[in-house]
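>>> What follows is a predicted structure for the sequence shown.
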Amino acid sequence: MTGAHTHGVAELCAEGQGLYVHALREGHVPAGDSEGTRCLVGLGLLHPDVEDPRWLRPVAPGSVLHRLLRKSAERIADERRLEDRLEAVFEPLMRIAGHGPGTERVPTVEVLSGLDRIGSAITQAMAASSGEVLTIQPHITHTSYTAPEFHAEALARDQALLDRGGRLRTLYQHTLRHAPSVLARHERLRGDVAARTLDEIPDRLIVVDRTVAFLPANEDRTLALEVRHPSLVAFCATVFDRLWHLATPMFPDTVERPSLNGVSPRQRAIASLLVEGHTDAVIADRLGLNIRTARVHIAKLAATLGSESRAQLGYLIGQSAILDPPG
């Protein structure tokens, strides 16, 4: 054992701990046995034998713990007293500043942690609304969002908004156009409710009265952002409005998307991603499909265009008019 130890008790190393355990078992250790005894003495774990200074005797662990916790409590009390003094000094200054020009509170972005906290914040925002709620709902696979109680809570929350005269607009992916659960949910709602679909949509978004927006902040959606800054909320609402204009009506009126030269709208969306060079897995993820379904559509597209290879398929898509804008 070499070298003096300078760490605190919370970082007691294996060398020091081993020496202390030995002292507890034997009743003492030689005072000059190791440089490691210096840190143990400093921490109060060992003390000189009053009858024989050649030995160091261990202090009972419970006694040391009690002493350290008491010191910790004293430090915490000191910090709290400092907080009280700072608040007493700054409170009158903040009251003065609060009446001055340019001191209005600027809305910020708050991070919400946990599905319960997120759901509660959305419920509170919607409970105060009798206006408009805009939502983007991508294909959700996370089990927390597919539980029956989650859908029941959301349904009750939406119906309460509609009962107050509000309106609800929802964007889905095309893959959910004929999903029984999605259709049944909208059929159960009574009031001004509408839904449209797109091949590709952004991640989940909720905008309430164009004053607050909720967005996911991590992949599994256990974190969310509550946004109240007017410029950011307006940006989110504008994105929704433009996507809504491009989307195909799904509820209450259903508009079927037309095929073009034997190519379905789904296949046109796949063709657009193919010419960008995306893999089958990426295409499936972007369009909310499983990879097997995506490959079936790619095969049908290849057969329609007379392609015999992936490279040729990209060329034929470029030569065809299927990606040209209408009109």
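Arrived safely. Residues are numbered from 1 along each chain as shown.
>>> Just list what the helix or strand containing Ala213 packs against, helices and strands only.
Here Ala213 sits within strand 212-216, counting by DSSP states H and E. Other helices and strands packing on strand 212-216, by 3 or more Cβ pairs under 8 Å, 6 or more residues apart in numbering; DSSP states H and E, are helix 115-127, strand 205-208, strand 223-227, helix 230-246. For every residue, glycine as well, the C-beta is placed using N, CA and C.
>>> Just put those in TSV and tack on distance to Lys71, mean neighbour count and mean pLDDT.
Shown next, in TSV, are these (distance: least, Cβ to Cβ, whole Å; neighbours: other Cβ atoms under 10 Å; pLDDT from 0 to 100):
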stretch	distance to Lys71	mean neighbour count	mean pLDDT
helix 115-127	36	17	89
strand 205-208	49	23	94
strand 223-227	37	20	93
helix 230-246	47	14	91
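>>> out of these, which comes closest to Ala14?
Between Ala14 and those, the tightest spacing by Cβ to Cβ is seen for strand 223-227, at 37.1 Å.
>>> Please name the strands paired to that closest one in the sheet, noting orientation.
Here strand 223-227 has these sheet partners by DSSP bridges: strand 109-113 (antiparallel), strand 212-216 (antiparallel).
>>> any idea how far Ala224 is from Gln124?
Distance from Gln124 to Ala224, counting by Cβ to Cβ, to the nearest Å: 13 Å.
>>> picking that back up, out of the helices and strands packed on strand 212-216, the one nearest Tyr172 is which?
Proximity to Tyr172, assessed across the helices and strands packed on strand 212-216 by Cβ to Cβ, is greatest for helix 230-246 (11.1 Å).
>>> after the closest one comes which helix or strand?
Moving toward the C-terminus from helix 230-246, the first helix or strand encountered (DSSP H and E) is strand 248-251.
>>> chain center to that next one: distance?
Offset of strand 248-251 from its chain centre (Cα atoms, centre = their mean, to the nearest Å): 29 Å.
>>> cool, and stretch 158-169?
Mean C-alpha position of stretch 158-169 versus that of the full chain (Cα atoms, centre = their mean) differs by 26 Å.
>>> what comes into contact with that stretch?
If you take Cβ atoms under 8 Å, 6 or more residues apart in numbering as the criterion, stretch 158-169 is touched by 126-127, 129-135, 189-196, 240, 244.
>>> hmm, back to that, can you tell me which of the strands paired with strand 223-227 the model trusts least?
Note on the strands paired with strand 223-227: strand 109-113 shows the lowest mean pLDDT, a mean of 89.
>>> quick check: angle from it to helix 115-127?
Going by axes from the mean of the first three to the mean of the last three Cα atoms, to 10 degrees, strand 109-113 is angled at 130 degrees with respect to helix 115-127.
>>> ok, residues contacting strand 109-113?
Applying Cβ under 8 Å, 6+ apart, the external contacts of strand 109-113 come out as 118, 121, 214, 217, 222-229, 232.
>>> 10 Å instead, please
If you take Cβ atoms under 10 Å, 6 or more residues apart in numbering as the criterion, strand 109-113 is touched by 117-122, 213-215, 217-218, 222-229, 232.
>>> That one vs helix 230-246, what angle?
Interaxial angle, strand 109-113 versus helix 230-246 (the same axes, to 10 degrees): 70 degrees.
>>> ok, of the contacts of stretch 158-169, which come out buried?
Taking 16 or more other Cβ atoms under 10 Å as the criterion, what is buried in those is 126, 129, 132-135, 189, 193, 195-196, 240, 244.
>>> of all those, which comes closest to Thr304?
Once Cβ to Cβ is applied, the member of the buried ones among the contacts of stretch 158-169 that ends up nearest Thr304 is Arg196, at 26.8 Å.
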